[in-house]
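Student: pasting the sequence and the predicted model now:
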Amino acid sequence: MTAERPTGSARLAVGIDLGGTKVHAGVVSASGEVLAETRVPTEADKDTDAVVGNIVRAAHGAIDEAGIGSGHLLGVGLGAPAPLDLGAGVILTPGNLPSLHGVPIVSRLTDALGAPVLLNNDGNCFGLAEARFGAGAGARVCCGLTLGTGLGGFLVIEGRVFDGPHGAAVEIWCSPYQGDQVEEKVSGRGVARNYKKFTERVVTAAEVARLARDGDEHAAEAWREFGRDLAAPVAYLCNIADPDVFVLGGSMCKAWELFYEPMVHEARKYINEVTRQAVRIVPGALGDAAGMLGAAALVFSAPADL
């Protein structure tokens, strides 16, 4: 949504969603209203200075479009692919941002933007956005998973991300499942492998979804099996966190209708009775804006002395 121009007392933040393809930046109010937003190419194949420059350009573009001065901003939030060193403000080794490996991104952006910068991984930013503004709004505890080429997790308690002491809380992708890491089953690779098991054909998860909607029973069963596999991490996280709301997001949720029913049916067998009666398991509500909104929400959920 688009808000009116702020007054001098408005609480605003810049949220930046950094991906391998594009940088999405927006000026956001504490209630989740977007005053302005910009998208620029990441150009991840270029050198460090070029990529950092594109991040700064996206942020300045949103600020200029909003027509505000730096005095309106509480700070800047950055959501970036993991792994990250949150304490040092450093991007470590994400495969889709090779020129940013080891870069102290927080200090670089603080200097360039003249505002305090907070960093977290993109999955946590998705979760924080949904917990504050989206499908989990109003929940005391909101946790969930992001489903795509990999598997991410998040836990938001009383409106703040729980990072853990090392910044790796709820990173369950490497947990054991059926003799492998759970990510190998609960990801796009998992769906593609399910379909190959039935047909010997090698296709993408998106293609399996198309085939399922066109009546291919093997494709439909590949997605149902994905749903049953997804039930395991859903049930484990529900039993650990006792959430009000469990939110699922990521590109795999575009095929929600193909896996939701078997996932929920299986998960509810293994969620403890008290939580099972209360928890809502839902898709994210904010779409592509979630990463940017969640990055901004890092600022709003930070201690007052940011």
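Tutor: Yes, it's here.
Student: from here on, just use CA atoms for contacts and neighbour counts.
Tutor: Will do.
Student: quick one, helices of the stretch 101-250 of the chain?
Tutor: Assigned by DSSP state H, counting those that start in this stretch, the helices in the stretch 101-250 of the chain fall at 105-113, 122-133, 188-199, 205-213, 217-241.
Student: list the buried residues for stretch 54-71?
Tutor: 54, 55, 56, 57, 58, 59, 60, 61, 62, 63, 66, 68 (16 or more other C-alpha atoms under 10 Å).
Student: off-centre distance for stretch 140-150?
Tutor: Taking C-alpha atoms, centre = their mean, to the nearest Å, one finds stretch 140-150 lying 7 Å from the centre of the chain it belongs to.
Student: report the residue ranges of every domain in this structure.
Tutor: 12-127+289-300, 138-284 (automatic domain parsing).
Student: tell me which of the ones you listed is the most buried.
Tutor: Mean neighbour count (mean count of other C-alpha atoms under 10 Å) peaks for domain 12-127+289-300 among those, with a mean of 22.
Student: endpoint to endpoint, that domain covers what distance?
Tutor: Using C-alpha to C-alpha, to the nearest Å, the end-to-end distance of domain 12-127+289-300 comes to 8 Å.
Student: what about the closest residue to residue 60 other than its chain neighbours, distance to residue 121?
Tutor: What sits nearest to residue 60 in space, not counting adjacent residues and going by C-alpha to C-alpha, 6 or more residues apart in numbering, is residue 113, at 7.9 Å. According to C-alpha to C-alpha, residue 113 stands 20 Å off from residue 121.
Student: try residue 67
Tutor: For residue 67, the distance to residue 121 - C-alpha to C-alpha - is 28 Å.
Student: got it, and residue 173?
Tutor: Distance of residue 173 to residue 121, given as C-alpha to C-alpha: 14 Å.
Student: ok, residue 34 next?
Tutor: Residue 34 sits 21 Å away from residue 121, taking C-alpha to C-alpha as the criterion.
Student: try residue 112
Tutor: Counting by C-alpha to C-alpha - residue 112 and residue 121 are separated by 21 Å.
Student: now do the contacts for the closest residue to residue 143 other than its chain neighbours.
Tutor: Distance criterion C-alpha to C-alpha, 6+ apart; nearest residue to residue 143, sequence neighbours excluded, is residue 155 at 4.3 Å. Residue 155 sits next to 124, 127, 141, 142, 143, 144, 161, 162, 163, 169, 170, 241 when contact means C-alpha atoms under 8 Å, 6 or more residues apart in numbering.
Student: before we move on, the earlier item: so can I have CSV of the buried residues of stretch 54-71 showing distance to residue 82, secondary structure and pLDDT?
Tutor: Shown next, in CSV, are those (distance: C-alpha to C-alpha, whole Å; DSSP: H, G, I helix; E, B strand; the rest coil; pLDDT from 0 to 100):
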residue, distance to residue 82, secondary structure, pLDDT
54, 19, helix, 98
55, 17, helix, 98
56, 20, helix, 98
57, 22, helix, 98
58, 21, helix, 98
59, 21, helix, 97
60, 24, helix, 96
61, 25, helix, 97
62, 24, helix, 97
63, 26, helix, 96
66, 30, helix, 96
68, 31, coil, 89
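Student: what is the nearest of those residues to residue 184?
Tutor: residue 55 (31.8 Å; C-alpha to C-alpha).
Student: correct me, but the closest one touches residue 42?
Tutor: Yes: between residue 55 and residue 42 a contact is recorded at 7.4 Å, counting by C-alpha atoms under 8 Å.
Student: shared neighbours of those two, anything?
Tutor: Residues touching both residue 55 and residue 42 (C-alpha under 8 Å, 6+ apart): 18, 23.
Student: phi, psi for residue 82 please.
Tutor: Backbone torsions for residue 82, taken as degrees, to the nearest 10, come to phi -80, psi 160.
Student: wait, I meant residue 13
Tutor: Dihedral angles (degrees, to the nearest 10) for residue 13: phi -140, psi 160.
Student: what is it paired to in the beta sheet?
Tutor: Listed by DSSP bridges, the beta-bridge partners for residue 13 are residue 28, residue 75.
Student: so how far is residue 58 from it?
Tutor: From residue 13 across to residue 58, the span is 14 Å (C-alpha to C-alpha).
Student: kindly report the same for residue 136.
Tutor: Taking C-alpha to C-alpha, one finds residue 136 at 28 Å from residue 58.
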